[in-house]
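*Asks:* turn this into a structure:
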Amino acid sequence: MSVANLIVINPVVKSLELLGDRWTILILRDAFLGRHRFEEFRSHTGASRSTLSKRLENLVTQDVLYKKPYQTTPLRHEYRLTKKGLALYPWALLIWQWESQWCNDQHQLPPKLIHRQPDEHELQPLVVCRHCKQALHIADVERRVLENAEENDLQALKTIGSQRRSRGGRGAEEDASLGHITDIIGDRWASLILAAAFMGLQRYDDFRRQLGIATNILADRLKRLSEAGVFDRIEYQTKPPRSEYQLTEKGKALYPFTMMMRQWSIDWLGGMEDAPFQLIHKPCGHELAVDVICGSCSSVPDPKDVGYQA
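*Replies:* Residues are numbered from 1 along each chain as shown. Next up is the predicted model:
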């Protein structure tokens, strides 16, 4: 079976080109927390000036942020979320939810989100099928390969992991919240390996062959994901030793997040005409489309209606 037929996930690939980066995730975290100015981003993310400048300019170029002058002499700007950027709010809610559930060291993470509409109650983000409104479960999604799928996406996959990860030194004001999930999803190769696992890949050779990833990088990311508790490494052969990597419950809990990232890509970046397969929600038979709703009142949360309880 070809690379495209088996594992290429075009919308996920497209979103990872923008979102699969540690600093970008932290910038968006800060933007949703009401931080807008360069020095605020720098002190709370811990990014160097050059790294921060590049990420901010890229987010402006991609129409996720826009510049708004707040001082004329000298001219200074702050960075605000566009409509496209605000559409990432469900993605941000799922990042918070996963970190709250699976990270023991939550630093400054708000322990409870409060939804103020229609009346004040706790917000528990829930990913549902856009058509039948049922909660999304990985076992309820079927992949259907399209007849006209072509082997045309391997190069796109190979470029995803090409950017080097950079880490800044932690400053006194650096916000360490979301640090655990950022260490996992803030790396394009790790995110692609996860996406591949959601499609059924488990063995080292399958990951290497289908993702076209260098052996040293693949071994490193599989080790990291195993150490993070996302995979269980299970030996299935002793001579020579061979292992497979099975998703844990912690790993499976990242599935709704990945599908929400995919949905944002479909809604805002397009390009589904090149996708080699469809994802079908088996309970209703529709092509998969997802939304995030409040688990208590079933409405779609608006950022202005959500606060937090310290």
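*Asks:* what ranges in the stretch 101-250 of the chain fall below the confidence cut-off?
*Replies:* Low-confidence segments of the stretch 101-250 of the chain (pLDDT under 70): 105-110, 146-179.
*Asks:* which stretches of it form strands?
*Replies:* For the stretch 101-250 of the chain, the strands defined by DSSP state E, counting those that start in this stretch cover 112-115, 121-122, 125-129, 141-145, 231-238, 241-247.
*Asks:* so which bits of the fifth one are buried?
*Replies:* Yep, that's strand 231-238 we're talking about. Neighbour counts using 16 or more other CB atoms under 10 Å place Phe231 of strand 231-238 among the buried residues. C-beta here means a position set from N, CA and C on the backbone, and glycine is covered the same way.
*Asks:* how about the helices of the stretch 101-250 of the chain, start to end?
*Replies:* 154-160, 179-185, 188-198, 204-211, 215-227, 249-252 (DSSP state H, counting those that start in this stretch).
*Asks:* of those helices, which is nearest Glu287?
*Replies:* Proximity to Glu287 (CB to CB) singles out helix 188-198 among the helices of the stretch 101-250 of the chain, at 16.8 Å.
*Asks:* ok, back up a step: of all the helices of the stretch 101-250 of the chain, which lies closest to Gln309?
*Replies:* Short answer: helix 179-185, nearest of the helices of the stretch 101-250 of the chain by CB to CB, at 20.7 Å.
*Asks:* Gln278 contacts Arg143, doesn't it?
*Replies:* Yes: Gln278 lies in contact with Arg143 (CB atoms under 8 Å); the separation is 7.4 Å.
*Asks:* for these two, work out which one has more neighbours and name it.
*Replies:* Set Gln278 next to Arg143 and count neighbours by other CB atoms under 10 Å: Arg143 wins out with 17 against 13.
*Asks:* could you dump the helices of the stretch 101-250 of the chain to TSV with distance to Thr51 and mean neighbour count?
*Replies:* Output for the helices of the stretch 101-250 of the chain, formatted as TSV (distance: least, CB to CB, whole Å; neighbours: other CB atoms under 10 Å):
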stretch	distance to Thr51	mean neighbour count
helix 154-160	19	16
helix 179-185	14	21
helix 188-198	16	23
helix 204-211	26	18
helix 215-227	21	16
helix 249-252	29	16
